[in-house]
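> what's the 3D shape of this:
(one chain, ligands or ions: 1)
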Amino acid sequence: MTQPQLAAPAGVHSFDDFTPLCEVVVGRADHYTAHDADPTWRLFYFENVAPHLGAGQRQLSIPQQIVDELNEDVTGFADALAGCGVRVLRPSAPGKDVQVSSPWWSSSATPPLNVRDNTVILGETIVETAPHIRGRVFENDHLKAHFTRYFEQGANWLSMPRPALAAGSLDTAYFDREGIDVTAATADETAVPIDGLGLEMVFDGAQCVRLGRDVLVNVSNHNHELAYRWLVRNFPDLRWHRLPGIADNHVDSIVVPLRPGLMLLRSPHYRQFLPAPMRGWEAIYPPPSSVPEQDYDEFGFVIPTASRYIDINVLSIDENTVVVNSLYPELIALLEQRGFTVVPVRHRHRRLFGGGHHCFTLDTVRDGGPEDYLAA
Ligand SMILES: NC(=[NH2+])NCCC[C@H](N)C(=O)O
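Here you go, the predicted model:
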């Protein structure tokens, strides 16, 4: 188990997802009582959402009981990490029914739950990324107090250009290639276009897999290509590897390194897209889950915003200790057979809120450095 370490000299120090975890931000979901089916949100979930959306409807409400259960589970997660000796930080409290807007759009603010998505820590630099979803543009404001303290402690702090997310900003190339018709999803009835602005830099932190001095980046469209170029230009000392459009954006339920040479991998299909030295890594594939999908019929809606693979979205406390959803005993058993210590943490609604324990966290301080885990 991790023992508390001295604060990192630069505030933040985080080059990977598996060396001993010293400090972490765990998201929060106060008042997460609706999804705003803005076109930038429904682009990603339209197949599940469309049957439930009335003409012009935007708010997809989530019963308070489910929100309360989610917050119980997130609190249990934070307590479990603290019990393992990890310093746990939380975002500031989001308000209720907060509206956000720009000259080009209006939306409901998303609570800072999936904090993995709007930031990536690259060594001793905080990188705020360029949100895909309008309701997430100000989400990092709930982490600004922590980022400011880290900066005062010596961390570097960069931000990708804030995307306008005006009408037409998002590239649908990934869905087009997958044969998914997103015409209806992207009918942007309220947003305003900007003359001369086409596709812009848009990117989520969860598109990165950090491996010491190497970083894998899922690049699925031109939005992501611009962000990839930004990353390479700003971090020339790191080695960058494109994952060629293996997902719409996030990849932390596809490839999840557990330690050098061993990863969770959604299926053998994905091995071919990894950097050559990583294709030989041992993989643990997700076993079938015996836990039935939560039945939401009583609430009259089922809006999965995550795949059934979301439970491989685990958080490592160190190379031998992993937090796993207690509702996935098959994976727990598999990891324990491999000698891991598993910290089981209940997560009942992981497909409703688009994330698992890795999504809910931003690991700001880990022991590891810019190691060469992919030596050819
Ligand atoms: N950082 C995150 N929010 N990751 C969530 C990954 C969700 C992924 N699209 C899936 O459906 O499995």
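> can you count the residues close to whichever residue of the stretch 101-250 of the chain sits closest to the ligand?
For the stretch 101-250 of the chain and the ligand, the shortest gap (Cβ to the nearest ligand atom) falls at A206, measuring 3.3 Å. To be clear about C-beta, it is placed using only N, CA and C from the backbone, and glycine gets the same treatment. Neighbourhood size, A206 [other Cβ atoms under 10 Å]: 26.
> let me see the contact set for the closest residue to it other than its chain neighbours.
With Cβ to Cβ, 6 or more residues apart in numbering as the criterion, A206 has its nearest non-adjacent residue at 3.8 Å, and that residue is H250. By Cβ atoms under 8 Å, 6 or more residues apart in numbering, the contact list for H250 reads R116, D117, D204, A206, Q207, N218, C359.
> in PyMOL, select just the buried ones from these.
This is the PyMOL syntax for the buried subset of the contacts of H250, where burial follows 16 or more other Cβ atoms under 10 Å:
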select buried, resi 116+117+204+206+207+218+359
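> need the contacts of H250 in a markdown table with pLDDT and secondary structure, can you?
Listed next are the contacts of H250 as a markdown table, based on pLDDT from 0 to 100; DSSP: H, G, I helix; E, B strand; the rest coil:
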| residue | pLDDT | secondary structure |
| --- | --- | --- |
| R116 | 98 | coil |
| D117 | 98 | coil |
| D204 | 98 | coil |
| A206 | 98 | helix |
| Q207 | 98 | helix |
| N218 | 98 | strand |
| C359 | 98 | coil |
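> re the thing from before, confidence score at the residue nearest to A206?
We have a pLDDT of 98 for H250.
> ditto for T172
95.
> can we start the residue count at 23 from this point?
In the new numbering, first residue 23, that becomes T194.
> report pLDDT for the nearest residue to V122 once chain neighbours are set aside.
Closest residue in space to V122, ignoring its immediate chain neighbours: A131 at 4.8 Å, by Cβ to Cβ, 6+ apart. pLDDT, A131: 98.
> spit out the contact partners of A131.
Applying Cβ under 8 Å, 6+ apart to A131 gives the contacts P116, G117, V120, Q121, V122, G157, F160, E161.
> please compute how far the helix or strand where the fifth one lies lies from its chain's middle.
Secondary-structure assignment from DSSP states H and E places V122 in strand 121-123. The offset between the C-alpha centroid of strand 121-123 and the centroid of the whole chain comes to 22 Å, using Cα atoms, centre = their mean, to the nearest Å.
> next one: stretch 46-53
In this view, stretch 46-53 has its centroid 13 Å away from the chain centroid, taken as Cα atoms, centre = their mean.
> next, the distance between the ends of that stretch.
Start-to-end span of stretch 46-53 (Cα to Cα, to the nearest Å) is 22 Å.
> residues in contact with that stretch?
89, 92-93, 96, 99-100, 103, 108-113, 115-119, 133-137, 164-165, 168, 337, 375, 381-387.
> among the residues you listed, name the buried ones.
Buried members of the contacts of stretch 46-53, counted by 16+ other Cβ under 10 Å: 89, 92-93, 96, 99-100, 103, 108-113, 116, 133-137, 164-165, 168, 337, 375, 381-387.
> filter those by proximity to the ligand?
N136, C381 (Cβ under 6 Å from any ligand atom).
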